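> Got a predicted structure plus its sequence, pasted below:
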Amino acid sequence: MKITPQIEALYLRFLSNEITEAELNRLLDYFNVAESADLHTLIEAELLDVDDEYHGNENLDRHLNNIHHIISASIDAADEKPRTVRLQPAFKSLLKIAASILVVLSIGYLGYTYLFKQADILPGRSLATLKLSNGHEINLDTLANQAIATVNGVQITKLAGDRIVYTHVNAVSDTNSYLQTITTPLGGKYKVTLTDGTQVVLNSGSTLTFPIGFNQAQRRVTLSGEAYFEVSKDAEHPFVVSSGRERITVLGTKFNISAYPDDDFISTALLEGKVNCLDVNTNSNLILHPGEAALIQNNQLSKSTVDVSDMAAWQQGFFAFENEELAVVMKRLSRWYQLDVDYTSIPEKRIYARINMQENLTTVLDMLSITSGLKFKIEGRRVTVMK
């Protein structure tokens, strides 16, 4: 990331003790991603000024050793007055050295809930791999708006953004035997329109297997992970989703299923219509109505009244945590930000928060810290919860 006039202006405001909190955040974000050569160019002039001031000064080493104490003092000041960042005028000359050394050493943002903010971790994005019925795999994020293939009378098209669409172009007798698989990696999300018009949004770390077209009594798909469905109505051809030990049967409806293999539960939340939930292990079943959720856990199938809009908020770009266990919250974050979470450090805590999924990780953890009173330590992609 090259130096811009805006970055230079922010740096000068920093050294003149006029920078605001928001401006400091932007400057330090630049420090984290800039090339070393660009950083040296940015600070060279100020270092020369400082060198003239301190040339031959035997106390320079002592001043440099005190830099971290000044940094700590500025953090305390920021905690006391979170809306602005002000440093004492007496530190002006030493601040120039401190700021430059911070850059050179790549010491990141010393924030309100972290001791060190490393290069920020970006949120997930539209990523998926499509495996065709012939075994050929396509990385969808490398494709432009274009037709991908035509298989047995069905055209597969990649639309601009994050969706693939299956469309009948010729009448054929057999499409169910041509299975397709779309997989989102951790940190990925993608949308699919099936040949019957059903809309599916896949969350990160999920896989959907489906026929290229539906021409049998039931429209069957298989899910591993989490997906939001808006099923096209067809009274004569029920839509069936198999996800682990659960089987959902619907005619036309909107619902969300979370069935990750590494979770100890499967949950289904119904927004519209009516669905039948079957636990294939125990052969028990129940009917869901809008505003209800089914849960399979500990060999039991149960249902409850919930705010189903929160359970499906992820497909609209939000984390919605309503009295959610912190361990569950961190697992959801780990899938979206590709984190290694230290679950042994997580206390029993319930979280209430609604957060935009396009925020960088540190912003998300800042918000969780405010609502929970906890602190979070980031080391690379490993996150530890600190009481």
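Here it is on my side, so go on. Numbers count the residues shown, from 1 in each chain.

> May I see the buried residues of the top strand by length along the chain?
Secondary structure of the chain read by DSSP state E shows that its longest strand is strand 219-230. The neighbour-count check on strand 219-230 (16 or more other C-beta atoms under 10 Å) flags R219, R220, V221, L223, S224, G225, E226, A227, Y228, F229, E230 as buried. For the C-beta atoms, the positions are set from N, CA and C on the backbone; glycine is no exception.

> pLDDT score for the residue nearest to the fourth one when sequence neighbours are not counted?
Meaning L223. Among residues not flanking L223 along the chain, S243 sits closest, at 4.3 Å (C-beta to C-beta, 6 or more residues apart in numbering). pLDDT, S243: 96.

> now do K96
For K96, the predicted pLDDT is 51.

> residues in contact with the closest residue to T129 other than its chain neighbours?
Nearest-residue entry for T129: T183, 5.0 Å, with adjacent residues in sequence omitted and distances by C-beta to C-beta, 6+ apart. The neighbours of T183, taking C-beta atoms under 8 Å, 6 or more residues apart in numbering as the test, are A128, T129, K131, S206, T207.

> Helix, strand or coil: sort out V241 for me.
The three-state label given to V241 by DSSP: H, G, I helix; E, B strand; the rest coil is strand.

> what's the neighbour count on the residue lying closest to it once chain neighbours are set aside?
Spatial nearest neighbour of V241, chain neighbours left out: I248 (4.4 Å); criterion: C-beta to C-beta, 6+ apart. Number of residues near I248 (other C-beta atoms under 10 Å) recorded here: 27.

> quick check, I248 in a strand?
Yes. Assessed with three-state DSSP, I248 lies in a strand.

> ok, back up a step: how distant is the longest strand of the chain from the center of its chain?
Taking C-alpha atoms, centre = their mean, to the nearest Å, one finds the center of strand 219-230 at 20 Å from the center of the full chain.

> repeat for stretch 375-387
Distance of stretch 375-387 from its chain centroid, counting by C-alpha atoms, centre = their mean, is 16 Å.

> And it, what's buried?
K375, F376, K377, I378, V383, T384, V385.

> just those now: which is nearest K189?
Distance to K189 across the buried residues of stretch 375-387 (C-beta to C-beta) is lowest for V383, with 20.6 Å.

> so what strands line up beside the strand or helix carrying the closest one?
Using DSSP states H and E, V383 maps to strand 382-386. Within its sheet, strand 382-386 is paired with strand 340-341 (parallel), strand 375-379 (antiparallel), according to DSSP bridges.

> nearest to E18, of the ones you listed?
That would be strand 375-379 among these, by C-beta to C-beta, at 29.5 Å.

> Could I get the phi/psi values of the most centrally placed residue in the chain?
Nearest to the geometric centre of the chain sits W336, at 3.3 Å (C-alpha atoms, centre = their mean). Phi and psi for W336, reported as degrees, to the nearest 10, are phi -80, psi -30.

> what mean pLDDT would you report for the longest strand of the chain?
Strand 219-230 carries an average pLDDT of 97.

> Could you do stretch 5-15 as well?
pLDDT averaged over stretch 5-15 gives 75.
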